[in-house]
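Undergrad: Just need the structure, nothing else, for what follows:
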Amino acid sequence: MTPALAGALRCPVCAGPLLLIGRSLRCPKAHSFDLAREGYANLLAIQKKHAADPGDGKEMVRARRAFLAAGHYQPLMAVLAELCGTLPHEKIVDAGCGEGSYDRFLYDALGEPQIVGFDLSKEAVRLAARLVPEAAFCVGGSFSAPVRDGWADLLLNIFSPFAGAEFSRMLRPGGHLIYAVPTARHLYGLKEVLYTTPYENEVKDTRYEGFDFVTEREAAATLTLEGESVQQLFAMTPYYWNTPAEGAARLAECDRLTTEIGFRFLVYRRQSE
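TA: Residues are numbered from 1 along each chain as shown. Down below sits the predicted model:
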């Protein structure tokens with residue numbers, strides 16, 4: 001973590017600015033947060049920690065890393081990078097950054113922007129910090145985000161909870177938010193195996209207070225997965241926890257899976273004060 005990127009963060013205790021001093025982040029009120037070996041900090045306020053180990057578990061995080069590292073979602077990442085390139089993107093916040101694969105792709109594609117990412121999962125942040133050492137990562141949540149007011153030109157929210165007030169606070173006036181949600185047929189082929197009656201995802205147009213809707217961009221592809229990739233896809237989705245045992249058993253017998261994938265990238269502009 002560089003001093004410049006440390007300056008994008010704020011103290012989770014008092015919301016004061018943080019400075020990088022040696023291997024610690026410190027605020028004017030002497031609250032101090034040590035950097036881990038990988039260079040990230042834990043800025044999740046203790047009162048916001050509603051579980052012993054919040055966020056996605058190690059199994060889910062590592063499955064997602066292996067799946068994304070294999071390039072299966074690269075067509076979707078490429079569209080996201082192209083869209084980001086049409087917007088001011090010098091300073092990017094990734095809310096719910098996961099294990100960093102999207103940030104690695106965007107950093108390389110967009111000409112090395114400043115990136116700050118945070119996630120509730122310590123394991124995800126640890127992997128992200130190793131994958132994108134040029135960025136700043138911390139353990140933190142979207143509803144009490146560890147980024148100072150008005151720092152970001154662009155905020156990304158990829159399949160994470162929508163925290164409108166905090167997103168608006170972190171963005172400069174006129175800054176942009178890209179909210180990624182699944183298309184109707186995203187992972188439909190997977191659901192055909194898991195469920196007796198598969199269903200399409202709900203697609204709706206949503207407006208949020210403090211933001212003006214700008215545009216929408218859709219990215220879609222068809223994947224054919226074989227071997228371990230099938231189980232990695234399953235393990236990285238919420239379906240892993242919400243699937244009847246008979247559905248999971250059917251998938252366990254699959255050594256080949258074809259499924260549609262698709263993201264809707266919804267672009268919003270933060271309203272001026």
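
Undergrad: neighbours of Pro88, just the number please.
TA: Burial of Pro88 is recorded as 15 neighbouring residues (other CB atoms under 10 Å). Glycine gets a C-beta too; all of them are placed from N, C-alpha and C.

Undergrad: phi, psi of it?
TA: phi -60, psi 130 (degrees, to the nearest 10).

Undergrad: and what of Phe105?
TA: Phi and psi for Phe105, reported as degrees, to the nearest 10, are phi -60, psi -50.

Undergrad: mind showing which ranges of the stretch 1-150 of the chain have poor pLDDT?
TA: Filtered on pLDDT under 70, the stretch 1-150 of the chain yields the residue ranges 46-56.

Undergrad: Helices of that one, residue ranges please.
TA: For the stretch 1-150 of the chain, the helices defined by DSSP state H, counting those that start in this stretch occupy 3-6, 58-69, 74-85, 101-109, 122-131.

Undergrad: In a markdown table: those helices, plus mean neighbour count.
TA: As requested, those are exported to a markdown table (neighbours: other CB atoms under 10 Å):
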| stretch | mean neighbour count |
| --- | --- |
| helix 3-6 | 14 |
| helix 58-69 | 19 |
| helix 74-85 | 17 |
| helix 101-109 | 20 |
| helix 122-131 | 23 |
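
Undergrad: Out of those helices, which gets nearest to Arg269?
TA: Minimum separation from Arg269 across the helices of the stretch 1-150 of the chain (CB to CB) falls at helix 74-85, 13.6 Å.

Undergrad: And the strands in the stretch 151-273 of the chain?
TA: Using DSSP state E, counting those that start in this stretch, the strands assigned to the stretch 151-273 of the chain run over residues 152-158, 171-182, 211-226, 256-270.

Undergrad: Excluding chain neighbours, what is closest to the most centrally placed residue in the chain?
TA: Centroid check for the chain by CA atoms, centre = their mean gives Cys97 as the closest residue, at 2.9 Å. Distances taken as CB to CB, 6 or more residues apart in numbering place Gly117 nearest to Cys97, at 3.1 Å, with adjacent residues excluded.

Undergrad: Just checking the distance from stretch 105-124 to the centre of its chain.
TA: 9 Å (CA atoms, centre = their mean, to the nearest Å).

Undergrad: Revised request: answer the last question for stretch 178-192.
TA: Mean-position distance between stretch 178-192 and its chain equals 16 Å (CA atoms, centre = their mean).

Undergrad: same deal with stretch 134-148?
TA: Mean C-alpha position of stretch 134-148 versus that of the full chain (CA atoms, centre = their mean) differs by 11 Å.

Undergrad: follow-up on the earlier one: go ahead and confirm the residue nearest to the centre of the chain touches Leu106.
TA: No - using CB atoms under 8 Å, Cys97 is not in contact with Leu106; the gap is 10.7 Å.

Undergrad: follow-up on the earlier one: between the helices of the stretch 1-150 of the chain, which gets nearest to Thr183?
TA: That would be helix 74-85 among the helices of the stretch 1-150 of the chain, by CB to CB, at 10.1 Å.

Undergrad: Report all helices and strands that that closest one contacts.
TA: helix 101-109, strand 152-158, strand 171-182, strand 211-226, strand 256-270 (3 or more CB pairs under 8 Å, 6 or more residues apart in numbering; DSSP states H and E).

Undergrad: Of the helices of the stretch 1-150 of the chain, which is nearest Leu257?
TA: Comparing the helices of the stretch 1-150 of the chain by CB to CB, helix 58-69 comes nearest, at 12.2 Å.
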